[in-house]
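Q: below is the sequence, then the predicted model.
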Amino acid sequence: MIKQWTNAGASNDWYTASNWTPATGAGAWLPTDIAEFKNTGTATSARINMSAGNLSLGAISLSARTRNLTIGNSSPVAGTGRLQLNGATVNGINNVILSSGTNIPPYTLLIKNRLSGIVSLMEMVLGNNVDNIVLLNGEEGSAMNISAPISGAGKKLTLKTTTSSGGILTLSGANTYTGLTTVNARHGSIVLAKTGGGTLPSTNDVEILDGKLQIKTNQTLRNVKVGGLGSLLIDPGVKLTITGILDDGTALFPGGGIIGTVVFV
């Protein structure tokens with residue numbers, strides 16, 4: 001079921017039931033629900049007090065916003081809460097966990113490891129066994145930034161865009177999910193940017209079918225596949241270490257290819 005944020009003021013508490021239509025408080029969210037944020041109200045954050053319980057739902061969807069939205073754990077008690085996203089059908093696409101519509105760049109959705117001034121932390125858990133799709137389906141330039149560590153043993157993460165859209169998904173946390181990471185997004189990019197490097201586990205595989213993977217800090221991966229419409233960009237001074245196979249296919253279309261320093265071990 002779609003639960004839409006309809007508070008017309010500055011309230012930013014996720015678990016306040018009256019902020020949603022239909023009203024949905026702590027403990028009332030279903031694993032298949034979609035939390036939809038449009039431009040109602042003036043809040044720039046949705047704070048989840050995970051002292052009242054972790055949150056499991058299908059997807060979070062944004063559209064027609066003119067300001068950023070920051071999501072994180074607002075519990076005053078030290079510890080790590082869990083935001084589990086199980087996947088839902090959004091814009092006719094199955095297994096979507098996050099969806100960004102027509103929004104204003106540079107960052108439209110920020111999922112935080114730690115909110116400013118808060119002692120508690122939050123991790124994001126991939127809950128779909130088939131795929132966990134981040135869908136950028138608005139204007140080219142829309143973006144998401146996830147600093148919360150992403151977990152999920154064997155769970156796949158995929159970036160998609162609609163035909164005419166684009167955008168950037170930046171991962172900047174210490175992620176532990178171990179499934180395949182796929183870029184299949186025309187005009188879209190995944191950026192690996194954890195401070196100190198190691199955004200993804202060193203045993204992970206990545207495929208770039210369409211769009212770009214940009215590596216901004218040192219990263220070790222097992223196998224990397226670059227398709228004909230994909231490109232791999234490694235920032236100057238940054239090193240990508242591959243312990244398995246780098247497969248760049250038999251032909252590269254214009255715009256595809258590999259730029260940067262790759263080390264094989």
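A: Perfect, I can see it now.
Q: Leu171 touches Ile190, doesn't it?
A: Yes. Leu171 is in contact with Ile190 according to CB atoms under 8 Å; the separation is 6.8 Å. (Glycine included, C-beta is placed from N, CA and C.)
Q: I'd like the distance between Ser18 and Leu57.
A: 18 Å (CB to CB, to the nearest Å).
Q: contacting residues around Thr199?
A: Shown in contact with Thr199 (CB atoms under 8 Å, 6 or more residues apart in numbering): 171-175, 192-193, 217, 219.
Q: Leu83 reaches Glu123, doesn't it?
A: Yes. Applying CB under 8 Å as the test, Leu83 and Glu123 come out as touching, 7.2 Å apart.
Q: skipping its backbone neighbours, what lies nearest Thr16 in space?
A: Spatial nearest neighbour of Thr16, excluding adjacent residues (CB to CB, 6 or more residues apart in numbering): Gly25 at 7.0 Å.
Q: number of nearby residues for the one you found?
A: The number of residues packed near Gly25 is 15, by other CB atoms under 10 Å.
Q: flag the shaky bits of the stretch 151-265 of the chain, pLDDT-wise.
A: Counting by pLDDT under 70, the stretch 151-265 of the chain contains low-confidence ranges at 163-165, 249-257, 264-265.
Q: neighbour-wise, which of Ser18 and Leu57 wins?
A: More crowded of Ser18 and Leu57, by other CB under 10 Å: Leu57, with 23 against 12.
Q: contacting residues for the more buried one?
A: By CB under 8 Å, 6+ apart, the residues touching Leu57 are 29-35, 84-86.
Q: and the gap between the closest residue to Asn218 other than its chain neighbours and Thr241?
A: Residue nearest to Asn218 in three dimensions, not counting chain neighbours: Gly197, with 3.5 Å by CB to CB, 6+ apart. Gly197 sits 10 Å away from Thr241, going by CB to CB.
Q: what is in contact with these two at once?
A: Common contacts of Gly197 and Thr241 (CB under 8 Å, 6+ apart): 218-219.
Q: what is the neighbour count of the closest residue to Leu121 other than its chain neighbours?
A: Closest residue to Leu121 apart from its sequence neighbours, by CB to CB, 6+ apart: Thr80 at 4.4 Å. Using other CB under 10 Å, Thr80 is surrounded by 16 other residues.
Q: tell me who's in contact with Thr80.
A: 73, 120-123.
Q: then Asn218?
A: Shown in contact with Asn218 (CB under 8 Å, 6+ apart): 197-198, 238-241.
Q: and which of the residues you listed is nearest Thr261?
A: Nearest to Thr261 among the contacts of Asn218 is Lys239, at 5.2 Å by CB to CB.
Q: from Ile111, how far out is the closest one?
A: Per CB to CB, Lys239 is found 28 Å from Ile111.
Q: and Arg65, that one's in a strand?
A: No. Looking at Arg65 with DSSP: H, G, I helix; E, B strand; the rest coil, it is coil, so not inside a strand.
Q: give me phi/psi at it?
A: Backbone torsions for Arg65, taken as degrees, to the nearest 10, come to phi -90, psi 150.
Q: let me know the pLDDT of it.
A: Arg65 is assigned a predicted lDDT (pLDDT) of 81.
Q: how many other residues sit next to it?
A: Other residues near Arg65 number 21, with proximity taken as other CB under 10 Å.
Q: correct me, but it touches Thr40?
A: No. Applying CB under 8 Å, one finds Arg65 not in contact with Thr40, separated by 9.6 Å.
Q: helix, strand, or coil at the residue nearest to Thr16?
A: Under three-state DSSP, Gly25 falls in the coil class.
Q: I'd say it and Asp13 touch.
A: No. If you go by CB under 8 Å, Gly25 and Asp13 don't touch, sitting 9.8 Å apart.
Q: show me the shaky parts of the stretch 1-150 of the chain.
A: Across the stretch 1-150 of the chain, the ranges flagged by pLDDT under 70 are 101-107, 138-142.
Q: still on that earlier bit, and the residue nearest to Leu121, how close does it get to Val134?
A: In terms of CB to CB, Thr80 sits 22 Å off from Val134.
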